[in-house]
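**Student:** pasting the structure only:
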């Protein structure tokens with residue numbers, strides 16, 4: 001974006017100065033409307049011999065001056081950032097919960113709790129009460 005400055009809105013033979021906006025330098029000791037330049041090599045000056053009212057009028061008609069509400073814009077940005085952080089935190093908690101449940105499930109699969117259940121156990125009396133003898137059981141085992 002270029003910054004241009006026209007001195008003297010109603011006179012002829014004026015100089016129009018073009019420079020990128022980041023090249024402008026303004027210090028506290030300067031008067032109102034006065035600016036300097038960081039790098040004079042980035043400054044271009046064009047001499048306008050005769051004022052062309054048609055162009056000036058067209059520029060004035062399309063000129064837009066807006067006064068932004070910086071506080072409202074900053075609050076909107078802060079609210080959006082807060083919502084994004086909240087969403088990320090919620091996703092992180094959900095992932096951690098899924099990981100925790102998966103870890104518990106894997107630990108339960110690896111544990112011997114399921115093997116040592118009293119319903120699955122048999123006593124020697126129960127084995128003796130069955131029709132098979134001890135020798136038959138040993139043969140079945142091998």
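**Tutor:** That came through, no problem. Here the structure is a predicted model, which is why all the values come from computation and not from measurement. Residues are numbered from 1 along each chain as shown.
**Student:** shouldn't residue 26 be in contact with residue 36?
**Tutor:** Yes: between residue 26 and residue 36 there is a contact at 7.2 Å, judged by C-beta atoms under 8 Å. All C-beta spots, glycine's among them, are computed from the backbone N, C-alpha and C.
**Student:** In this protein, what residue spans correspond to helices?
**Tutor:** Counting by DSSP state H, the segments of the chain that form helices are 53-62, 70-110, 124-129, 134-141.
**Student:** Quick one: closest of these to residue 42.
**Tutor:** Nearest to residue 42, of all those, is helix 53-62, at 23.2 Å by C-beta to C-beta.
**Student:** What residues sit buried inside the closest one?
**Tutor:** For helix 53-62, a neighbour-count test (16 or more other C-beta atoms under 10 Å) marks nothing as buried.
**Student:** what number of residues lie near the nearest residue to residue 30 once chain neighbours are set aside?
**Tutor:** For residue 30, ignoring the flanking residues on the chain, the nearest one in space by C-beta to C-beta, 6 or more residues apart in numbering is residue 36 at 7.0 Å. Burial of residue 36 is recorded as 11 neighbouring residues (other C-beta atoms under 10 Å).
**Student:** which residues touch residue 36?
**Tutor:** In this structure, residue 36 makes contact with 24-27, 30, judged by C-beta atoms under 8 Å, 6 or more residues apart in numbering.
**Student:** my guess is residue 23 contacts residue 43, does it?
**Tutor:** Yes: in this structure, residue 23 is within contact of residue 43 by C-beta under 8 Å, at 7.1 Å.
**Student:** what residues are shared contacts of those two?
**Tutor:** With contacts taken as C-beta under 8 Å, 6+ apart, the residues that reach both residue 23 and residue 43 are residue 37.
**Student:** how much space between the residue nearest to residue 30 and residue 117?
**Tutor:** 88 Å (C-beta to C-beta, to the nearest Å).
**Student:** For the strand ranked longest in the chain, name the packing helices and strands.
**Tutor:** Ranked by residue count under DSSP state E, the longest strand found in the chain is strand 14-20. Where contact means 3 or more C-beta pairs under 8 Å, 6 or more residues apart in numbering; DSSP states H and E, strand 14-20 is packed against strand 2-6, strand 44-48.
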